[in-house]
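> Sequence first, predicted model second:
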Amino acid sequence: MLISFKSKDWLGSDGITIDSLRKVYAKPKQFWPKATVDQGVSFEELDTLHPPPLHLANDSIRNVVELGKLLFFDTRLSGSNQISCASCHDPALQWADGKEVSVGHDQLPNIRNAPSLENVWVYKSFFWDGRASSLVKQAEGPISAHNEMNQDLKSLAEKLNRIKAYHTYFKAAFGTTAITNQRIFESLATFQQSIVSQDTKFDRFLKGNAYALDDQELMGLHLFRTKARCMNCHYGAYFTDKEFHNIGLTEYGNKNQDLGLYNVTRKPEDVGKFKTPGLRNVMKTGPWFHHGLVKSMDSLMVLYNMGMPEHVILPGQEKDPLLPKNDKLLRGIMLNARERKAIIAFLEALSSPPLLIQAERLPE
């Protein structure tokens, strides 16, 4: 149950009322209270949505997007002809799948939670561990993975080449009817750049509607920027620093161990680091974290409140070079229940309706 706030309620111990807070936040954001961030964090102030880097007025780009959309929903990209990209990234579920981990070929579970594809264009690396340096390279991974789409990449292009109607779409997109893996991946990558969030209550607030956020959401915004220290990692228009952090969920030393970025870089300092997700539509894209084990935002907030789990050093691990170390930015935020509810209310104000794109009819 959400807690309501009256205009004369005091916000914590800093002597600020909701009324005075609204007057401050109604000003341009350069006049907002100073954000609380740790030394060395080069953050960006929160912002409205930015346009994606797609020039849809260009016929060729528009045709590549259209081809990518068809491929995204086509189960024939999988070895079994039963799984598409949309199987794990459902438009109706904010381009995630609502599961702890996705289920792929032969009902095999993935090892990680399927992140939303909304606003994926803002990142500079992809997957939870950043192993793909571009969306084109990212597109290849799930298609070929044995526990996802399980498609033999050596036969993928020829498989689609047998679908005659695809020739028209490839010619419109690339100038010739040639179907290649590279063109398939480029089309999927370009389409994914078109998957964006819609305006939210928070965007309307930033654009000048001082009452777009209610009292509790406004209190949550202030706490998010100050006492809770969320701006250390979640900032800018998309509420992410696009970096990697160890927040104590490595499960080091047991069967569920996941070393994250270390699996890519082989650098001990990267053990347990995972990409910072954006927070737009975060309330609609649970369960959360790379393993999908946190099922409620209340539970997630309690974890951050306590400072997240610290790895317990077991006998024999004292000199282990891969012993996980939580990020130095991670400290208990020590919010009371009322304050945690306010932040959750603010996160709810980052929600927008899903962009319901679908392929009405696939090529035959």
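Thanks, I have it.
> My guess is P277 contacts P115. True?
Yes. Contact between P277 and P115 holds when scored by C-beta atoms under 8 Å: they sit 6.2 Å apart. Every residue, glycine included, has its C-beta placed from N, CA and C.
> Double-check that L356 belongs to a strand.
No. Counting by DSSP: H, G, I helix; E, B strand; the rest coil, L356 is located in no strand; its state is coil.
> Just to check, it is in contact with A92?
Yes. In terms of C-beta under 8 Å, L356 counts as a neighbour of A92; the distance is 6.7 Å.
> Who are the contact partners of the most centrally placed residue in the chain?
Computing the C-alpha centroid of the chain and ranking residues by C-alpha atoms, centre = their mean puts P277 first, at 3.9 Å. Applying C-beta atoms under 8 Å, 6 or more residues apart in numbering to P277 gives the contacts 115-116, 240.
> Same question for N113.
With the criterion set at C-beta under 8 Å, 6+ apart, N113 makes contact with 96, 99-102, 128, 287-292.
> three-state assignment of it?
Here N113 is recorded as coil under three-state DSSP.
> Do you know the pLDDT at it?
For N113, the pLDDT comes out at 97.
> L356 and A92: who's more crowded?
The neighbour comparison of L356 against A92 (other C-beta atoms under 10 Å) goes to A92, with 10 against 7.
> Just to check, that one is in contact with I357?
No. Judged on C-beta under 8 Å, A92 makes no contact with I357 at a distance of 10.3 Å.
> L223 is in contact with A342, correct?
Yes. The criterion here is C-beta under 8 Å, and A342 meets it with L223 at 5.8 Å.
> Show me which of the two is the more surrounded one.
Each of A342 and L223 has its neighbours counted (other C-beta under 10 Å); A342 has more, 27 against 23.
> so what does the strand or helix carrying that one touch, helix or strand wise?
Using DSSP states H and E, A342 sits within helix 337-348. Secondary-structure packing of helix 337-348 (3 or more C-beta pairs under 8 Å, 6 or more residues apart in numbering; DSSP states H and E): helix 215-225, helix 297-306.
> and the last one with helix 337-348, angle?
Meaning helix 297-306. Between helix 297-306 and helix 337-348, the angle comes out at 120 degrees (axes from the mean of the first three to the mean of the last three C-alpha atoms, to 10 degrees).
> Do me a favour and get the end-to-end distance for stretch 303-323?
When the termini of stretch 303-323 are compared using C-alpha to C-alpha, to the nearest Å, they are 21 Å apart.
> wait, stretch 136-156
One end of stretch 136-156 sits 16 Å from the other (C-alpha to C-alpha).
> any idea which of the contacts of P277 is the one closest to A132?
P115 (12.6 Å; C-beta to C-beta).
> ok, that closest one - how many residues close by?
Other residues close to P115 by other C-beta under 10 Å number 22.
> you'd agree it is up against A96?
Yes. In this structure P115 lies within contact range of A96 using C-beta under 8 Å: 6.5 Å.
> Would you mind finding the most buried of the helices and strands packed on helix 337-348?
Highest mean neighbour count among those (mean count of other C-beta atoms under 10 Å): helix 215-225, with a mean of 24.
> Distance from that helix to the middle of the chain?
Remark: helix 215-225 is offset 22 Å from the chain centroid, using C-alpha atoms, centre = their mean, to the nearest Å.
> mean confidence score for that helix?
On average, helix 215-225 scores 97.
> Just the CA atoms of it, as CSV, please.
Taking C-alpha atoms only, helix 215-225 is exported to CSV below (Å, rounded to 0.1, in the frame of the first residue of the first chain):
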residue,chain,number,x,y,z
ASP,A,215,3.9,14.3,-3.5
GLN,A,216,5.2,10.8,-2.9
GLU,A,217,6.9,10.6,-6.4
LEU,A,218,8.5,14.0,-5.9
MET,A,219,9.8,12.9,-2.5
GLY,A,220,11.2,9.8,-4.2
LEU,A,221,12.9,11.9,-6.9
HIS,A,222,14.6,14.0,-4.2
LEU,A,223,15.7,11.0,-2.2
PHE,A,224,16.9,9.2,-5.4
ARG,A,225,19.2,12.2,-6.2
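> Thanks again, I'm all set now.
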